[in-house]
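K.L.:
A structural model of the following input is requested.
(chains A and B)
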There are 2 protein chains.
Amino acid sequence: MSIPPSHPRYQSLRMREKIAEGVTRGIVHPTGLIAHGRGEAYDYLLGEQTISPAAKAERAAAARMVNASHPVISVNGNTAVLASEACVELADATNAALEVNLFHRSEERIQKIVGLLEEHGASQVLGMDADARIPGLDHDRGQCSSEGIARADVVLVPLEDGDRCQALRAMDKTVIAVDLNPLSRTAQAASVTIVDNVVRALPAIARYARQGAAMEPWDNHACLQECRAAMCRLLRLSDEPEEEPYPGGQPG
Amino acid sequence: MSIPPSHPRYQSLRMREKIAEGVTRGIVHPTGLIAHGRGEAYDYLLGEQTISPAAKAERAAAARMVNASHPVISVNGNTAVLASEACVELADATNAALEVNLFHRSEERIQKIVGLLEEHGASQVLGMDADARIPGLDHDRGQCSSEGIARADVVLVPLEDGDRCQALRAMDKTVIAVDLNPLSRTAQAASVTIVDNVVRALPAIARYARQGAAMEPWDNHACLQECRAAMCRLLRLSDEPEEEPYPGGQPG
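P.N.:
Next up is the predicted model:
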């Protein structure tokens, strides 16, 4: 499909295409397309930018990953298709392991995602061996790697399911979630919730990690409140006449 | 997959199933899954119901369709899969023509959508012959039927692209858009924007049409303001501790 670069929503449409191609390539599960759409909607209410509370969360995330004994980045289809390079860069910046871990587990998809990460310079990507369990989840959904998520003290989970997020918290792990929806169960359940797009969040965390991020107390609930308030401001900003709050025009 | 009607997310999950089946059947374009996800997010912020300003817009839409000389309902893949019966019913209630008109045009998909509408009782569905143009759009995106959209005075466009919406307005047509996102270019550009889910909106317009809807002045800008305010109220409601604003639980 050729989207004319003249289309005001070119960037956003390109990301959509990548996700759609990801399905064709057997990397993204079809429900991942729907999840991407939901993310688009919420991203739009953020002005498609890293808002201030999200930047603070990214800094808090960097501190936790840098100070972890065994940090792990959990990668799924959507994340791989949108941000493989950023995943590898972040793993490097924080000495974190990469583990491919899917809600809809399939050996074939895991293999493809591992391949995609390796194309971007990753090595020793975990996930093919799911030899450990996350307690409290249905068998299908609770598999993970003993070398990775199972023994992690800090897990970064972009685009995660609420049940799994809660289950990881129940294992006493520090869970850093990237979720554009500040109302989701994942957002509520995580230790640190970054209300931002993965394509912005992961590079940001890497930058803070390299700059040296110090551990500070973190109030996730307060952060989420600020994010919701920011979304409201964007919603109401359109009440101003002749206001053009969105660079690049409104989404189609 | 069999979802029990008692499942708290039954309606939402059934719609997702239909859309996903639509992709398999070659009726819904994969980007339609993404669009559906966006709709889910906004619908969630509406409380998955027809809010008062949307009901007013549905009444205004009915009046315009009933008083039109040549009303046309533009149908795409998502709309057909979610609401074919409602499209046919609305066409009947308003003496409107049905035209299958797609952002991602393909003869095969048009044929399937025509078939789906005919399964629900439609006849003389337009769209196979795209023998007219909507000026101002790239060739691919600007095709329509001379018998339908080209000569319509009022066009109902559920789930439309912003460019095309603006182009139809430029042809001096009355454009009624159904769009769950009150900030989209489509929403801003349309004559009447119904911020509601198509599965609720189309039957509602048909009901108002049959009841006899009188023409009244319509302030679309004010309506959109009310819709955005309603979404804000839902977003801020989560600031209340232990509030459970969403019947049936949070979406996954």
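K.L.:
how about low-confidence regions in the stretch 101-250 of chain A?
P.N.:
A:238-250 (pLDDT under 70).
K.L.:
If we use 80, what do you get?
P.N.:
A:104, A:139-140, A:160-161, A:237-250 (pLDDT under 80).
K.L.:
what sits against residue A:95?
P.N.:
Contacts for residue A:95 (C-beta atoms under 8 Å, 6 or more residues apart in numbering or on different chains) come out as residue A:71. Bear in mind the C-beta positions are built from the backbone N, C-alpha and C, glycine included.
K.L.:
no wait, residue A:148
P.N.:
Neighbours of residue A:148 in contact, by C-beta under 8 Å, 6+ apart: A:72, A:97, A:99, A:101, A:126-127.
K.L.:
Going by distance to residue A:12, which of those wins?
P.N.:
Of all the contacts of residue A:148, residue A:12 sits closest to residue A:101, with 27.1 Å by C-beta to C-beta.
K.L.:
quick one: that closest one from residue A:30, how far?
P.N.:
Look at residue A:101 and residue A:30: by C-beta to C-beta, to the nearest Å, they are 19 Å apart.
K.L.:
Neighbour count: those two, which is higher?
P.N.:
More crowded of residue A:101 and residue A:30, by other C-beta atoms under 10 Å in any protein chain shown: residue A:101, with 27 against 17.
K.L.:
is it true that that one touches residue A:73?
P.N.:
No - Residue A:101 is beyond contact range of residue A:73, at 9.7 Å (criterion: C-beta atoms under 8 Å).
K.L.:
If you tally nearby residues, what's the number for the one residue in the stretch 1-150 of chain A that gets nearest to chain B?
P.N.:
Here the residue of the stretch 1-150 of chain A nearest chain B is residue A:37; by C-beta to the nearest C-beta that distance is 2.3 Å. Residue A:37: 22 surrounding residues under other C-beta under 10 Å.
K.L.:
who touches it in this structure?
P.N.:
Residue A:37 neighbours (C-beta under 8 Å, 6+ apart): B:33-41.
K.L.:
just the buried members of the residues you listed?
P.N.:
Applying 16 or more other C-beta atoms under 10 Å in any protein chain shown to these, the neighbour count classes B:33-41 as buried.
K.L.:
still on that earlier bit, mind putting the contacts of residue A:148 in CSV, secondary structure and distance to residue B:60 included?
P.N.:
Shown next, in CSV, are the contacts of residue A:148 (DSSP: H, G, I helix; E, B strand; the rest coil; distance: C-beta to C-beta, whole Å):
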residue, secondary structure, distance to residue B:60
A:72, strand, 54
A:97, strand, 57
A:99, strand, 53
A:101, coil, 49
A:126, strand, 57
A:127, coil, 53
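K.L.:
quick revisit: export the contacts of residue A:37 to a markdown table and append columns for pLDDT.
P.N.:
A markdown table is the format used below for the contacts of residue A:37 (pLDDT from 0 to 100):
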| residue | pLDDT |
| --- | --- |
| B:33 | 88 |
| B:34 | 88 |
| B:35 | 89 |
| B:36 | 94 |
| B:37 | 94 |
| B:38 | 93 |
| B:39 | 94 |
| B:40 | 93 |
| B:41 | 93 |
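K.L.:
Just name the closest of the residues you listed to residue A:88, please.
P.N.:
Of all the contacts of residue A:37, residue A:88 sits closest to residue B:34, with 25.5 Å by C-beta to C-beta.
K.L.:
where exactly do the strands run in the stretch 151-252 of chain A?
P.N.:
Ranges of strands within the stretch 151-252 of chain A are A:154-158, A:174-178, A:192-194, based on DSSP state E, counting those that start in this stretch.
K.L.:
Centroid-nearest residue for chain A?
P.N.:
Nearest to the mean C-alpha position of chain A, counting by C-alpha atoms, centre = their mean, stands residue A:158 at 2.3 Å.
K.L.:
I figured that one was touching residue A:79, is that so?
P.N.:
Yes - contact status for residue A:158 versus residue A:79: in contact at 4.6 Å, counting by C-beta under 8 Å.
K.L.:
Could you name every residue contacting both of these two?
P.N.:
residue A:198.
K.L.:
where exactly do the helices run in chain A?
P.N.:
In chain A, the helices defined using DSSP state H lie at A:10-24, A:30-45, A:52-66, A:77-94, A:107-119, A:162-170, A:185-189, A:198-211, A:220-237.
K.L.:
The first one - what's its average pLDDT?
P.N.:
Within the predicted structure, the mean pLDDT of helix A:10-24 is 84.
K.L.:
got it, and the fourth one?
P.N.:
Averaging the model's pLDDT scores along helix A:77-94 yields 96.
K.L.:
Show me what it is packed against.
P.N.:
On a contact count with 3 or more C-beta pairs under 8 Å, 6 or more residues apart in numbering or on different chains; DSSP states H and E, helix A:77-94 meets helix A:10-24, helix A:30-45, helix A:52-66, strand A:71-75, strand A:97-100, helix A:107-119, strand A:154-158, helix A:198-211.
K.L.:
Of all these, which one comes closest to residue B:211?
P.N.:
Of all the helices and strands packed on helix A:77-94, helix A:30-45 sits nearest to residue B:211, with 32.9 Å by C-beta to C-beta.
K.L.:
Please state the offset of that closest one from the chain centre?
P.N.:
The chain centre lies 12 Å from the centre of helix A:30-45; the measure is C-alpha atoms, centre = their mean, to the nearest Å.
K.L.:
Now do it and helix B:220-237, the angle between them.
P.N.:
110 degrees (axes from the mean of the first three to the mean of the last three C-alpha atoms, to 10 degrees).
K.L.:
what angle sits between helix A:30-45 and helix B:10-24?
P.N.:
Orientation of helix A:30-45 against helix B:10-24 (the same axes, to 10 degrees) gives an angle of 110 degrees.
K.L.:
quick one: helix A:30-45 to strand A:174-178, angle?
P.N.:
Going by the same axes, to 10 degrees, helix A:30-45 makes 80 degrees with strand A:174-178.
K.L.:
follow-up on the earlier one: from the contacts of residue A:37, pick the one nearest chain A.
P.N.:
Chain A lies nearest to residue B:37 out of the contacts of residue A:37, by C-beta to the nearest C-beta, at 2.3 Å.
K.L.:
Now the closest one. Nearest residue, chain neighbours left out?
P.N.:
Leaving aside its sequence neighbours, residue B:37 sits nearest to residue A:37 (C-beta to C-beta, 6 or more residues apart in numbering or on different chains; 2.3 Å).
K.L.:
State the distance from that neighbour to residue A:84.
P.N.:
21 Å.
K.L.:
again, but for residue A:12
P.N.:
19 Å.
K.L.:
and the stretch 51-200 of chain A, which residues reach chain B?
P.N.:
With the criterion set to C-beta under 8 Å from any C-beta of the partner chain, the stretch 51-200 of chain A comes near chain B through A:161-162, A:181-185.
K.L.:
what's near enough to touch residue A:74?
P.N.:
Contacts of residue A:74 (C-beta under 8 Å, 6+ apart): A:99-101, A:149, A:155-158, A:160.
K.L.:
at 6 Å what do you get?
P.N.:
Residues in contact with residue A:74 (C-beta atoms under 6 Å, 6 or more residues apart in numbering or on different chains) are A:99, A:101, A:155, A:157.
K.L.:
Sweet, I'm off.
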